[in-house]
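S.K.: dropping a prediction and its sequence here:
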Amino acid sequence: MDLLKNLSASQPIGVFDSGIGGLTVAHAIANRLPFEQLIYFGDTAHLPYGDKSGDAIRYYSLKIAKFLLEQEAKMIVIACNSASTAASRVLAEFFPDQVHFVNVVDPLVEAVVSRNLKKVGIIATKATISSGVYQQQLKQAQPDLEVFALATPLLVPMIEEGYADSRISQPIIDNYLSDPGFENMDALLLACTHYPLIRQEIEDYFQGKVEVLDSTLVATDAVYDSLERSNLLSTSLQTPHQFYVSDHTPSFEATTKLFYGAEIQLKHFPLW
Ligand code: DGL
């Protein structure tokens, strides 16, 4: 029993994203914590969040968190950088002492700071870059760190449409990464939960000279640590994961395998 919040280990973990990109995070959590039940919500009706205003993303995130709390989530993982940067604070304020929140930004910032690097690059959606949250948190944690951040809005639709690792993806990735701002950096942060799908292409571009960091594994560690600290880790087998989307199309169903690495069944939940 979590003393603070009356939560118990047998309750599920809620995970949400603007769509199916957050399935990369859900998959990493499911692998690392096989006894946890996941309730995933992809807000496909509003995808992409990366082009939305902060206010719109906060409104969507609050409603999704309420839905996940109704499903009795003990923890809510914000598996989307655009939602993590826009809505983490507002979610914690709206639902104090009810549920544990994990976002994908804080663990990545901690991973950078622990490496004591000189210069990092960030690629992400327009919403994430223009929020300035990564830039501020990194500067605050390590004032001498040089940060270059670039919005790369073509990458999400390219990946969603199945063009990762194709003749189309290479020139788009090259075009973004050849920006002079990325010169002499030690690491590049993939600050979008879609980007693990093009991680290999990005690593190939830098030929091993730049460390590529994404939030998938560090966020999973944060989930584990937070549950362990609160004595909320489940140790016995749970009921199957549930995957909900706010709009259901055959194309979402077809791309889920790409993101989750296994067949899953999406259920339509009309939240809006
Ligand atoms: N996966 C989302 C993120 O991490 C981006 C997708 C979108 O723009 O909705 O920011």
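M.R.: That came in fine, so what should we check first?

S.K.: any regions of the stretch 1-150 of the chain where pLDDT drops low?
M.R.: For the stretch 1-150 of the chain, residues meeting the criterion pLDDT under 70 lie at 1-5.

S.K.: and the residue of it closest to the ligand?
M.R.: Gly50 (2.8 Å; Cβ to the nearest ligand atom). For glycine as for every other residue, the C-beta is placed from the backbone atoms N, C-alpha and C.

S.K.: in stretch 136-144, which residues are buried?
M.R.: Buried residues in stretch 136-144, counting neighbours by 16 or more other Cβ atoms under 10 Å, are found at 137-138, 142.

S.K.: list of residues touching that stretch?
M.R.: Contacts to stretch 136-144, defined as Cβ atoms under 8 Å, 6 or more residues apart in numbering, come from residues 105-106, 109-110, 112-113, 116, 118, 120, 145, 147.

S.K.: buried among those residues? Need that as a selection in PyMOL.
M.R.: In PyMOL, a selection of the buried entries from those looks like this (16+ other Cβ under 10 Å):
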select buried, resi 105+106+109+112+120+145+147
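
S.K.: in CSV, list the contacts of stretch 136-144 along with distance to Gln71 and secondary structure.
M.R.: Shown next, in CSV, are the contacts of stretch 136-144 (distance: Cβ to Cβ, whole Å; DSSP: H, G, I helix; E, B strand; the rest coil):
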residue, distance to Gln71, secondary structure
Val105, 24, helix
Asp106, 24, helix
Val109, 29, helix
Glu110, 29, helix
Val112, 33, helix
Val113, 34, helix
Asn116, 41, coil
Lys118, 44, coil
Val120, 36, strand
Leu145, 39, coil
Val147, 37, strand
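
S.K.: what about Ala187, how many residues close to it?
M.R.: Residues near Ala187, counting by other Cβ atoms under 10 Å, number 18.

S.K.: swap that for Thr152, please
M.R.: As a burial measure, Thr152 scores 24 neighbours (other Cβ under 10 Å).

S.K.: list the contacts of the residue nearest to Asn184 when sequence neighbours are not counted.
M.R.: Spatial nearest neighbour of Asn184, excluding adjacent residues (Cβ to Cβ, 6 or more residues apart in numbering): Lys119 at 6.0 Å. Going by Cβ under 8 Å, 6+ apart, Lys119 touches 145-148, 184-186.

S.K.: and these, which are buried?
M.R.: Buried subset of those (neighbour count, 16+ other Cβ under 10 Å): 145-148, 185-186.

S.K.: show me where the chain has helices.
M.R.: 23-32, 54-70, 81-94, 105-115, 126-131, 133-141, 155-160, 169-177, 199-206, 215-229, 250-260 (DSSP state H).

S.K.: now render those as CSV, adding distance to the ligand.
M.R.: Formatted as CSV, these follow (distance: least, Cβ to the nearest ligand atom, whole Å):
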stretch, distance to the ligand
helix 23-32, 8
helix 54-70, 9
helix 81-94, 4
helix 105-115, 10
helix 126-131, 5
helix 133-141, 11
helix 155-160, 5
helix 169-177, 15
helix 199-206, 14
helix 215-229, 8
helix 250-260, 10
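
S.K.: out of these, which is closest to Cys192?
M.R.: Among the helices of the chain, the nearest to Cys192 by Cβ to Cβ is helix 81-94 (5.3 Å).

S.K.: run the chain-centre distance for that closest one.
M.R.: Put simply, helix 81-94 sits 12 Å off its chain's centre (Cα atoms, centre = their mean, to the nearest Å).

S.K.: do the same with stretch 122-135
M.R.: 13 Å.

S.K.: and stretch 160-170, by the same measure?
M.R.: 20 Å.

S.K.: list the buried residues for it?
M.R.: 160, 163-164, 169.

S.K.: and what of stretch 19-39?
M.R.: Neighbour-count burial for stretch 19-39 [16+ other Cβ under 10 Å]: 19-30, 33, 36-39.

S.K.: and stretch 49-60, by the same measure?
M.R.: For stretch 49-60, the buried set under the neighbour-count rule, 16+ other Cβ under 10 Å, comprises 49-50, 52, 57-60.

S.K.: what do you get for stretch 249-263?
M.R.: Neighbour-count burial for stretch 249-263 [16+ other Cβ under 10 Å]: 252, 255-256, 259-260.

S.K.: ok, residues contacting that stretch?
M.R.: Stretch 249-263 is contacted from outside by 19-21, 23-24, 26-27, 42, 44, 160, 162, 164, 194, 197, 243, 245, 264, 266, using Cβ under 8 Å, 6+ apart.
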